[in-house]
Structure formats: C-alpha cells, structure tokens
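1. After the sequence you'll find the predicted model.
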Protein chains: 4
Amino acid sequence: MVAEPNNWGRFGPDDQRGTLNLLGGDRVLAALGHAVTGRVLSLSAPIGRGAPRLRGRPAPQHYMSIDGADFAAGTRPVGAGLRMADDALIVSAHGTTTHMDALCHMWSGEELYNGHPAAQVHSYGARRCGIEQVGGVVAKGVLFDVPRLLGVGHLPAAHRVSAEELAACGEVGPGDVAVVRTGWPLVWGRSPEEYRSGQPGLSAEAGRWLAGRDVAVVAADNAAVGGLNARQLADEALEDDLHLILLHRHGIHLAEMLWLEELAAAGRTEFVFVAAPLRIVGGTGSALNPLAIL
Amino acid sequence: MVAEPNNWGRFGPDDQRGTLNLLGGDRVLAALGHAVTGRVLSLSAPIGRGAPRLRGRPAPQHYMSIDGADFAAGTRPVGAGLRMADDALIVSAHGTTTHMDALCHMWSGEELYNGHPAAQVHSYGARRCGIEQVGGVVAKGVLFDVPRLLGVGHLPAAHRVSAEELAACGEVGPGDVAVVRTGWPLVWGRSPEEYRSGQPGLSAEAGRWLAGRDVAVVAADNAAVGGLNARQLADEALEDDLHLILLHRHGIHLAEMLWLEELAAAGRTEFVFVAAPLRIVGGTGSALNPLAIL
Amino acid sequence: MVAEPNNWGRFGPDDQRGTLNLLGGDRVLAALGHAVTGRVLSLSAPIGRGAPRLRGRPAPQHYMSIDGADFAAGTRPVGAGLRMADDALIVSAHGTTTHMDALCHMWSGEELYNGHPAAQVHSYGARRCGIEQVGGVVAKGVLFDVPRLLGVGHLPAAHRVSAEELAACGEVGPGDVAVVRTGWPLVWGRSPEEYRSGQPGLSAEAGRWLAGRDVAVVAADNAAVGGLNARQLADEALEDDLHLILLHRHGIHLAEMLWLEELAAAGRTEFVFVAAPLRIVGGTGSALNPLAIL
Amino acid sequence: MVAEPNNWGRFGPDDQRGTLNLLGGDRVLAALGHAVTGRVLSLSAPIGRGAPRLRGRPAPQHYMSIDGADFAAGTRPVGAGLRMADDALIVSAHGTTTHMDALCHMWSGEELYNGHPAAQVHSYGARRCGIEQVGGVVAKGVLFDVPRLLGVGHLPAAHRVSAEELAACGEVGPGDVAVVRTGWPLVWGRSPEEYRSGQPGLSAEAGRWLAGRDVAVVAADNAAVGGLNARQLADEALEDDLHLILLHRHGIHLAEMLWLEELAAAGRTEFVFVAAPLRIVGGTGSALNPLAIL
C-alpha cells in the first residue's frame, strides 16, 4: 500500500539550491539496465507552427534577432568576419507543446502537494513546488500502448482508459515512468478541429492504479493525462480528477503532449526514460524534450 | 586523424522529421557504463533573476498568467474547485542561461557547417542546422576541471586553457562530451561587473585538441567556450575562433554557461552526460538542463 | 493632379532624430477648427481577449508581474507600505489590434516607398520608413460611413467599396484622414469564424480616388483597408493592391482595425483626427489608440 | 479647495465599454485654443536600444518576424509579388520607456483610487482602474521648465522641486496637464550609470500644489515624477509619496519618462497636450507617444 504522499516523491528541502532527483541511485542504475540497443529517441513534438495546441492557448512564438538573411542583405559581420544567428522564444507550455507539469500546477483547496500554502504561488513564481525542483528524471519507462492493445490507430475522443486496459499493456513499479499512448496527436494532422473536439485519456480508476504502483511520473501523448470534453475541460468530479489524484495528492509529476509514434513503432515497452525540464525558478512547468534510450 | 566534417557528426537528412542522435547505439550503451552510483546531477544554472548573464543580453522573463494569489484574493476555481497556476517564459538563450548552440548559430563566409547556405537561416528560423535536429545527446562525459589542476578557485579572466592543461586533466575520445570547468560562474556571486569584465576560456590550440579527438559536444561553464575580453568579444582571429573551429568547421555542438560546481565537488571525472535541447524548429539554440549521471 | 510620391508625404531626412508631422502647421490649425463639441472619442478596439483578430495571428499577451492579489495573499509592500501593479505586453500589431502601418510594412520589388532599398529592413528593424518616423498625426478626419449610405448594418464580406460610394459619403482633401467604416467588426461579436471568412474593403478604384485627393492617412475598421478573401488574402493583382497603391506608391499611412461604432453613432462626419503611434525604432507598425475630437 | 477625489477625475462607470475622456467638451475646446503655430511635437523617447531605462527593468524587445533581408536572401513574395515586414514588441512600460500610469498602478492599504478593492487587480489584469479607462487626454499643457528657471542644463539628482519653483515657472488650472521638465534624460547620453544613480523630482509639497490646482495629468521627464535615491526608490514617507498623493488620492494620471528637449527649445509654455494610451484591458499603464500641438 502506498501512503499519500508517497515516500520517494517527498522532496528533500523544497527550496534547496541544487538538484533533486526523483529516485535513489540504485534505482537509476537499475533503470539504465533497460537500455538494450542504445538507440535514443526524442519523445517531443517540435515547437513550431505545425504542432498540436489546445484552443485558446497562446502559440509558442519564435523570433530571430539576427540571421543569415541579414548578412546576405548586407549586414556587416562582427570583427574580421564572424556571422551569427540569434533568436528568442516565448512559450506558455501547458496545452501548447510537450511539457512537464510542476507540482504547483494544480490543486484544490488552499494547499499544494505536501501541504505548502497555495498562496505562495504568486506573480513572482511558485515559492514551493516549482519546476526547478525536479532536477532530472532518469528512470525505467514503461510504454502503455493502449491503441495497439485495442487494435486501433488512436483511441476515440470519448475513450477513458481503464485500469484493466493498463494492466493488459504492461506492468509498472515504484519509481518507474508510465508512458501512456492514446495516439490522439495523429488526429491533429488530419484536423486541428477534431483534435480540439475532445480527447481520450485515463479514467480515474486508471490514475489510482498508477498511483498505487508508486510511479514517479505519468507521461502521456494527450493534453491532460485525463480525458477532455468538447470544451477542453475534464469531466470528472474533484475526487476523480486526474491532475488532483496524481499531481496534487501523490506528488506524481505529469508530462503531457508527448510524441510517442516512433517509440510505439520501435516495439519496445521497457526502456530508459529521461526528462530534464528547464530550471525555471518558480515555474509551473517547462517545455520538455523527453528521451527514451532503447 | 579526423576529417572535417567528422563522420559521426554528419547528420542524416538534415530536415528529416524525427530524432537524430549524435552517437550510434553501441557508443550510447558504452557511455551508460560510466554510471557508477546512479546519482543524477543537473548541470544547469537556474533560470531566474539571480543567474549570470552577459551585459546587453535580455534577461529571461517569467510571468504567471494565473496563480495561487489570485485564488487567495477571490478568483473562482474552475468547475467544482480546481485551481491552477500557469505561466509564460520569454528566453533568448545565448548569453543568458545554460544552453546548447545549434549548428546554425555561428559561421563565417556564406555557408553553415556542412555547406548549407547561410541565407537559409532567415526570419522564419533556420531551415538547416536548427536545434531541433539534435534530438538528444547521451554520451560519456569527461570533466576537465582546470581550476582544480591549477589549484585555484576559478581561472582568471585572461586565462586561455592550453591543450597541455586539458591533457593533464583527462582524456577524451570520439563521441564523448568534453565538460570544461573554468569556475567563472563563481565570480557572478561576488560581482556581476567582474563577471562581465572578461572571461577565461579555451585557447584555439585546446579547441583543435578537442576537435582532433572527435568529441561530440564541448560543454563549458563560461559563456562562449573560448575566452572573452572586456567588451565581451572573442579576441582570436577568424581561423582561431573557438566557435568557428568547433561548431562551424567540425559540427561539434557547444553547450555554455553550465553550472559545474556540484559536479566538480563530487570528484568524478567520467560519467554519463545527457542533453535534451527543446525541439524549437529552426532555433539557433535552446535553454538546456544538462544532466550528469554519476 | 498628385505626383507620386506626393509632397506633404515626402518625409524630411528619414533618419532624423525628432518628430516628423505629416502636415504643415497651417493645416493642423485648420484641422483643429473641426472640433465643435470638444467630445473626445477613442477609435481603438480594446487590447484583450475579446477583440477581433485574424486567423493565424498571435493574440496580444498581457501578463501581470505584480498585482493586488499578491498583496492580498501576503506579499510585503515596498518600504513603509507602497503597493503596486506592473505588467508586460507582447503585441504583434498587424491583424491583431487597432494599429498604424509604417511605410516599411509592404512593398513590391526591391524598394520601399520613396526608393529606399528594402534590404535595409532587416532583423534589427527598418533603417528607413520605420513607424518612429511618423511622430504624430493631427488632421481633419472625414468619416466615410458606407454601411449607412447603403442602409445596412455592415457591408457584406464580398463588398468592395467603389469610388462613387466614397464620393456619395463625403469629400476629402490634401492632408486629411479618410476614415472608412465597413462595420465588419460588428461581425466578430456574433461569430469570429464569420469575421475570418472574408472582409469587405476598398476597391482599387476607391484607393486611387483617395490617393488622388492626397489624403495623409486612410484609416479603416477592417483588417487591410482593401478586402480579404476566405483565405484572408487580398484578391487584387499587384497594380491594384490597396497597400501598394496607398502605402507603397503614395506614402499614405494606413490605420486598420479601428473601432468606429461610437463615431458613426455620433453623427459627425468631420472632426479632428489624432494618431500617435508608439515610437518603436524600426517598427513596421504600432498598436494605436486613434482619437476623434468632435 | 479640491475634494479628494476630485470631480473631473471621478470616472463614469469604471467598467463602461467605450471611451472616457478626462475633461468635458468645453475644456477641450478651450484647450485647443492654445495651438498657435500648429506645429506638432512628439514628447516620446524612442523605443529602442538607446533609450533611458531604470536598472533592473526589462528592456523593450523588438523582433522582426519577416523583413526585407529575408526577401533579399530568397524568400518568395506572397502571391504575385507582395513583400512585407512584420514584427513583435515586448514591453513592460514602467521604468523603460515614455508611458502613462493607470490608476491601478500604485496604492497603499487595501484600496485603489476611488475605493476599489485592490484585490481586483489580479493576474488577469486590473478589473478596475485599468489603462483602457483613460480613452484619450486632450487638454491644455503647461510646461514647468525648472532647469531653465534655475539656469542649469538639468537638475541635480538630489534636487526636489519646490512648490515655489513651480509657481515661478507658470500657472496651471483644473483639467490642465502639468508638464514638468527636470532635464534628467540628458544625463543618459553621457552616462547610463549616472542616470541610475538617483533622479531629481517633485517634492511632496509641489505634488500637493499641483493636486490643489486640480490638474488632470502630471507628465514628467524623470522616471517617477518624484525623485529617486541611489537605489532607485522614493525616499518620502507614505503620506508624502508622489504617486500616492497624485495617483492614489487624487486620481491624477501620471506620465513619465517623456522627452521634453524639443518642447523646451521651442520656447512655448502653453500648448495642446494629447495622450492616447493603448487600450490594454486591465493594464497598469501603457507605452505612450504624447503630443504637443504648439
């Protein structure tokens, strides 16, 4: 049985400078043993115009502050001939790109995970549970390829994955990363409108099943781990909300909007999962390029 | 002898969708063997007000679009009681935070690394050699702790690390990541002005020594791998410029402004180095949270 | 007959520091004579979530960096008790808000208005014809209320206003500001999709009619002065493109996406028109709050 | 005697859609009578790299999303040959550029000007007293050229302008705009460090003198109307703080960081003052291009 909040998830001193890893060294070493071929896959969608994005969310903006065209048009090189390109990125990660949620991203009542006062999350950032606390995640990843189990290209929007379906896909243990594939990003390619018409996701029961197995992270290719209705909202009651079950009550980090198609095609269900969110002080999350080492 | 451009660095089809890894699977597996204790360290400075930044570069900006203080002040929760925090980040990575340079970041003449026309780097981003091409780096990391070698807390601003000094610190081979410590970020803590008064860095000779060993990445804790003068510029002539030697001529990615103090204190010179830059389409670089698995 | 480029529009030394006004002092004084009641109206749509915006354009983003909720949640005041709110705005003006176009915004061939090389508009901004050159516009404004003329609430998307229709609405002379109402912003309120399905606008003939009268500015409530098709593009050939006729060939500034409903309701067709675009160095335009003094 | 809050400053229904002007029509008409030559001057500093900015404040960022260099380097025109330049601006107005403060910008205790609860200023913007409420200001402007009075190029940093000095410069009445010149922006040109070493400004007594005359706006060329010490803070106690006296207690809008050198050189102390802040919904202020019609 897993107490809430679980042990490995209980961070050390939350505002300690330096890096906190979610797992002890022994588990990291054991996780590395799941690398077999050494192939490295990015599980991130590109950050650019073509990528999936929820309705109403600001698209990431990427601007070049100096580029090759400027030099082609006559801008003088630096010094004896150095030329360079520079740029800026504006990104609001939730709902717009592959990202990881910080533990301060969602809650109910007056307290964040682990009892930190929610009012400490203010305009200067989250004084507790910010994304900079994550450090890095190196763990065993387990792919739950639900569409493959069900013999479909992707789950339909209304599908809520059951615990039974998860159990039929694979097994996961303490400190592992559950990587859940719904296939929903494939819908974006044929119709952004359909992508935004709802989303498949985990049922509350499946969320509890994962929490009960004490996973470190749940990483999914849909936008909210749980499902979304046509208004892009979760339908569950508070006690069944996936973010509240996993993030708020158990301190399980969530990664969302992953691109899992190459991973699914590779046919491997166990691998090394690596996530290194940007260390944005007080951030509610970070755009992310998760890696699978096969 | 290493031909320019080297072999492992020669990317596959540059605009291929999907992930490109810098190393073959065998080397990745061999690299993982350098994890001994399984401790995971972030090598990233925090992205926030206190972090080192070159003069004249825009500080990263982090804004909360909804936060706990809003709810404390009376904002209604979503639905039956869900509360959330969301934010946005504006970041221009070069010179402002721990980051990786894309191969399009610097060049001389009309061509990028591998002969791509530099004019293809325009306001819509780099059509060639953008940061999204990196995918992920999982490799053996080797720490070159030059201040430790010389018995100083940090190198002085005018110091240019020689190939001999590198050789006295450690050995590095094809596909490895050379992690070079100057200790210069320590100066920021006592005086931002001194930090900006110049920076120690590699000599051209040391850059050629590393290129000759066919490293995959050079990652340093200073701002430009090479040294900087008081005007924050490189002093070397074009043929000796560190960015041109490594990035432009050899296709060796650079990571800069790392935080290496915990790594140096850990006393390990060989480890697993992981870098997963954001997949910004056409980006000239990406803020980065590099990891060391000890 | 008006020569191209016209005289009043020919700027003084284009890169002169300081302010350039589009009109001589006598005309400004004469224009002020059109104020009768002294009522001041803003002709700007609000910059916020509810405002009209073309498809695919980035919505303006507004972030609070400190606010009253923070203090309510316990943030300490400055010094003895000062509290403050601060914020940031990210805006890409064209197609997203009431704005004025700089003369560098559009051209064909290799030259901007007045023969400046277009290559001087590069990543550091426009070295010629930037919005900072405008200074301020104080002129006689003339309302062309086309829907009122035709007895409709707003023009249909496919309507292209003829010169005859303009002439039936009012008369305009050298240095005046032609304020053209289509009523199209009213469509946004009932359906953003319909708003984006096309837009009514001036015909090329009407553009020439205005250029021939030597107006200083054409200000309209649609997104592009000319009409737009369902793909949000102008249908006209190059020689008939409204931006090219007015902005490029005659140096007539354009202001777009104005909110003209209160002005139309006020029943005055002549008034003082004031525009003071932000002095963004090298900017291609500026968000704008145009004023009418009735 | 002027009651607090004064009458003309008491806005109509604060959240009314539409435009509110600070003055009645008669006063606007009377103000227009102060235009003599019709010369129009911008009182705005440029928004760009060279402009004055307080220490620690984010510099405005201006990015081109498409420009002439791109076309010179081979980007294809739109359709049959249309070329265009587009851009984006990121601006946090206070302390970085010529701007106007909204009435929600500063307060003490729990209430904004006019008794609105300060907690209504939250991450979604100010629900009361936002800058979009201003509409436009058209009023008689009166220049208080204090350096000219004292026979100096600019006031020294420690100078606090007395009521007597103001009275010696000119007279101002209800609804007028007091334009206060300190000359401090001239210091920026010779030394940004000196500019930030403190700033001259109004004394509390002078603030009360202006409030007692019922001015509509106080517009100054320094950063905070009041003076600043070496830490860029106001030294006055709460009851003497210039922002609290003017903005909070009397609802007098403040405009700051104006560029007044051309106006001062023009030798006119009375003129038409026009300010049209962007209608940013819930904004704490707006970058501004104030105009003087001489």
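-> Perfect, I can see it now.
2. residue in the stretch 101-250 of chain A nearest to chain C?
-> Taking C-beta to the nearest C-beta, chain C has its nearest neighbour within the stretch 101-250 of chain A at residue A:119, 3.9 Å off. In short, each C-beta sits where N, CA and C put it, glycine included.
3. quick one: that residue and residue A:112 touch, right?
-> No. Between residue A:119 and residue A:112 there is no contact, the gap being 9.8 Å when judged by C-beta atoms under 8 Å.
4. Now for these two: what residues contact both?
-> Common neighbours of residue A:119 and residue A:112, counting by C-beta atoms under 8 Å, 6 or more residues apart in numbering or on different chains, are residue B:68.
5. With neighbour numbers in mind, choose between the two.
-> residue A:112 (28 against 23; other C-beta atoms under 10 Å in any protein chain shown).
6. ok, now how distant is that one from residue B:101?
-> According to C-beta to C-beta, to the nearest Å, residue A:112 and residue B:101 sit 36 Å apart.
7. for the stretch 51-200 of chain A, what spans make up the helices?
-> A:68-72, A:146-150, A:163-169, A:185-190, A:192-195 (DSSP state H, counting those that start in this stretch).
8. counting contacts, what elements does the second one pack onto?
-> To tie it back to what came earlier, the one meant is helix A:146-150. helix A:163-169, strand A:177-181 (3 or more C-beta pairs under 8 Å, 6 or more residues apart in numbering or on different chains; DSSP states H and E).
9. repeat for the fourth one
-> Judged by 3+ C-beta pairs under 8 Å, 6+ apart, helix A:185-190 is in contact with helix A:192-195.
10. Enumerate the positions of the helix it packs on that are buried.
-> For helix A:192-195, the neighbour count (16 or more other C-beta atoms under 10 Å in any protein chain shown) marks residue A:195 as buried.
11. taking the mean pLDDT, what do you get for it?
-> Mean per-residue pLDDT for helix A:192-195: 96.
12. send the alpha carbons of that helix over as CSV?
-> Taking Å, rounded to 0.1, in the frame of the first residue of the first chain, the C-alpha atoms of helix A:192-195 are listed here in CSV:
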residue,chain,number,x,y,z
PRO,A,192,-7.0,20.5,-35.7
GLU,A,193,-10.7,21.0,-35.1
GLU,A,194,-11.2,17.3,-34.4
TYR,A,195,-8.1,17.4,-32.2
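13. what packs against that helix?
-> helix A:185-190.
14. got a list of what the closest residue to residue A:259 other than its chain neighbours touches?
-> Using C-beta to C-beta, 6 or more residues apart in numbering or on different chains and skipping the chain neighbours, the partner closest in space to residue A:259 is residue A:45 (4.4 Å). Applying C-beta under 8 Å, 6+ apart to residue A:45 gives the contacts A:51-52, A:97-98, A:185, A:257-259, B:279.
15. at 10 Å instead, please
-> A:51-53, A:96-99, A:185, A:188, A:221, A:257-260, A:287, A:289, B:279 (C-beta atoms under 10 Å, 6 or more residues apart in numbering or on different chains).
16. Tell me which residues touch residue A:254, please.
-> So residue A:254 contacts A:99-103, A:105-106, A:217-220, A:224-226, A:242-243, A:246-247, A:285 (C-beta under 10 Å, 6+ apart).
17. Just those: which are in strands?
-> A:99-101, A:106, A:217-220, A:285 (DSSP state E).
18. count of neighbours near the nearest residue to residue A:63 once chain neighbours are set aside?
-> Nearest non-adjacent residue to residue A:63, counting by C-beta to C-beta, 6+ apart: residue D:63, 3.3 Å away. Number of residues near residue D:63 (other C-beta under 10 Å) recorded here: 25.
19. quick one, phi psi at the closest residue in space to residue A:141 that isn't next to it in sequence?
-> What sits nearest to residue A:141 in space, not counting adjacent residues and going by C-beta to C-beta, 6+ apart, is residue A:273, at 3.0 Å. Dihedral pair for residue A:273: phi -110, psi 130, per degrees, to the nearest 10.
20. isn't residue A:273 right next to residue A:290, touching?
-> Yes. With contact defined as C-beta atoms under 10 Å, residue A:273 reaches residue A:290; the gap is 6.7 Å.
21. Identify the contacts common to the two.
-> Each of A:43, A:137, A:141, A:177, A:179, A:217, A:219, A:255, A:263 lies in contact with both residue A:273 and residue A:290 under the rule C-beta under 10 Å, 6+ apart.
22. For the fourth one, grab the count of nearby residues.
-> This means residue A:177. A count of nearby residues for residue A:177, using other C-beta under 10 Å, gives 30.
23. Show the contacting residues for residue A:182.
-> A:144-147, A:154-157, A:159, A:161, A:199-202, A:220-223, A:225, A:227, A:260.
24. Over to residue A:67?
-> Residue A:67 is in contact with A:73, A:75, A:83-87, B:104, B:118-126, B:282, B:284, C:122-123, D:64, D:67, D:69-70, D:73, counting by C-beta under 10 Å, 6+ apart.
25. Give me the distance between the strand or helix carrying residue A:31 and the centre of its chain.
-> Using DSSP states H and E, residue A:31 sits in helix A:25-32. Taking C-alpha atoms, centre = their mean, to the nearest Å, one finds helix A:25-32 lying 21 Å from the centre of the chain it belongs to.
26. starting at the chain centroid, how far to the following helix or strand past it?
-> Sequence-wise, the next helix or strand downstream of helix A:25-32 (DSSP H and E) is strand A:40-42. Computed by C-alpha atoms, centre = their mean, the chain-centroid distance of strand A:40-42 equals 15 Å.
27. same question, stretch A:156-164
-> With C-alpha atoms, centre = their mean, you get 19 Å for stretch A:156-164.
28. again with stretch A:94-113
-> The answer for stretch A:94-113 is 11 Å, by C-alpha atoms, centre = their mean.
29. Stretch A:261-275 too?
-> The answer for stretch A:261-275 is 15 Å, by C-alpha atoms, centre = their mean.
30. can you give me the end-to-end distance of that stretch?
-> 18 Å (C-alpha to C-alpha, to the nearest Å).
31. Flag every buried residue along it.
-> Those would be A:262-264, A:268-275, for stretch A:261-275 by 16+ other C-beta under 10 Å.
32. Return the closest of the residues you listed with respect to residue B:36.
-> Distances from residue B:36 to those, taken as C-beta to C-beta, are shortest for residue A:272 (16.1 Å).
33. Report the spatially nearest residue to that closest one, omitting neighbours in sequence.
-> Per C-beta to C-beta, 6+ apart, closest to residue A:272 is residue A:293, 3.9 Å.
34. Show me what the one you found is bridged to.
-> For residue A:293, the beta-bridge partners under DSSP bridges are residue A:40, residue A:272.
35. Give me the pLDDT for it.
-> pLDDT, read off for residue A:293, is 98.
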